[in-house]
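Trainee: From the sequence below, what's the structure:
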Amino acid sequence: MRTLKELQDFYSSTLCHRFFEYQLANRELVKVHFFRESFCHLLGIQHITKDRRYLGNKGYERIHTEKITLKGINKKGYDYIRDRILYFDHIDTLLKNGALYYFYPERVSPPTKIYARVLIYDEDSSLYLNLFLSKERTHKNLYTPISYIPFSEKDDHPRRYQEHQEYKNILSRRILLIPQDIL
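Mentor: Alright, predicted model coming up:
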């Protein structure tokens, strides 16, 4: 089993401090940025604990200093987020290979509470990876991940988030490093 600190190191070194940029055929530019404050949320920790020490920047810092570990999460809670933890390192492959869709929550069955504008989706072996993006209010083309949900063949209807969504053709992808002094 991976530790939260190992997952955080992956998140920081592979996803943060970069823009993942997609030029779409409709001329729209979608730039994805991972904020460190989103790390705990992407793992889904908010679903299994009411403890605010696990959320946002506080959660990120407490994981960094190993004041919070998976040992602090009960077994039932861990089972709920197990797949996110096991397949968290697939996010970079998803960003490099996944298809992009405009996402309409009302088209999902059964209904979802995820209110994203964009979905990046990929099937990797028997995995169905879903990364949901929300548009940042202050930047025209900047999106930030709000949820990551991996499914496997064992799950009921693993393609449910991708089905009935509006596929967008990606003309090009780029990964741009962000200088540390900008953030």
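Trainee: For the residue nearest the centre of the chain, give me its contacts.
Mentor: Using C-alpha atoms, centre = their mean, the residue of the chain that lies closest to the mean C-alpha position is residue 148, 3.8 Å off. With C-beta atoms under 8 Å, 6 or more residues apart in numbering as the criterion, the residues that contact residue 148 are 42-44, 84, 88, 91, 129-132. In this view, the C-beta of every residue, glycine as well, is placed from N, C-alpha and C.
Trainee: and what of residue 48?
Mentor: With contact set as C-beta under 8 Å, 6+ apart, residue 48 has these partners: 73-74, 76-78, 80-81.
Trainee: By neighbour count, which of the residues you listed wins?
Mentor: Sorting the contacts of residue 48 by how many neighbours each has (other C-beta atoms under 10 Å) puts residue 73 first, at 21 neighbours.
Trainee: For the lengthiest helix in the chain, enumerate the helices and strands it packs against.
Mentor: Longest helix of the chain, by residue count under DSSP state H: helix 75-86. Applying 3 or more C-beta pairs under 8 Å, 6 or more residues apart in numbering; DSSP states H and E, one finds that helix 75-86 makes contact with helix 39-43, strand 142-152.
Trainee: ok, of the ones you listed, where does mean pLDDT dip lowest?
Mentor: Across the helices and strands packed on helix 75-86, helix 39-43 has the smallest mean pLDDT, namely a mean of 92.
Trainee: after the worst-scoring helix or strand of the chain on mean pLDDT, next one along is what?
Mentor: Of all helical and strand segments in the chain, the minimum by mean pLDDT, DSSP states H and E falls on helix 75-86, at a mean of 86. Remark: after helix 75-86, the chain's next helix or strand is helix 91-97, criterion DSSP states H and E.
Trainee: got a list of contacts for that following helix?
Mentor: 14-15, 20, 32, 120-122, 124, 129, 131, 148, 173, 175.
Trainee: mind listing the strands for this structure?
Mentor: 18-24, 29-33, 99-102, 118-124, 127-135, 142-152, 166-168, 170-177 (DSSP state E).
Trainee: Select, out of the ones you listed, the one closest to residue 66.
Mentor: In this view, the strands of the chain are compared for proximity to residue 66 by C-beta to C-beta, and strand 142-152 is the closest at 22.5 Å.
Trainee: Just the CA atoms of the closest one, as PDB, please.
Mentor: Extracted as PDB, the C-alpha positions of strand 142-152 are listed here (Å, rounded to 0.1, in the frame of the first residue of the first chain):
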ATOM      1  CA  LEU A 142      -7.900  27.800 -16.800                       C
ATOM      2  CA  TYR A 143      -9.400  24.700 -15.300                       C
ATOM      3  CA  THR A 144      -8.700  22.900 -12.100                       C
ATOM      4  CA  PRO A 145      -9.500  19.300 -11.200                       C
ATOM      5  CA  ILE A 146     -12.300  18.900  -8.700                       C
ATOM      6  CA  SER A 147     -12.700  15.100  -8.700                       C
ATOM      7  CA  TYR A 148     -10.900  12.000  -9.800                       C
ATOM      8  CA  ILE A 149     -12.900   8.700 -10.000                       C
ATOM      9  CA  PRO A 150     -11.300   5.500 -11.300                       C
ATOM     10  CA  PHE A 151     -13.600   2.500 -12.000                       C
ATOM     11  CA  SER A 152     -12.700  -1.100 -12.800                       C
END
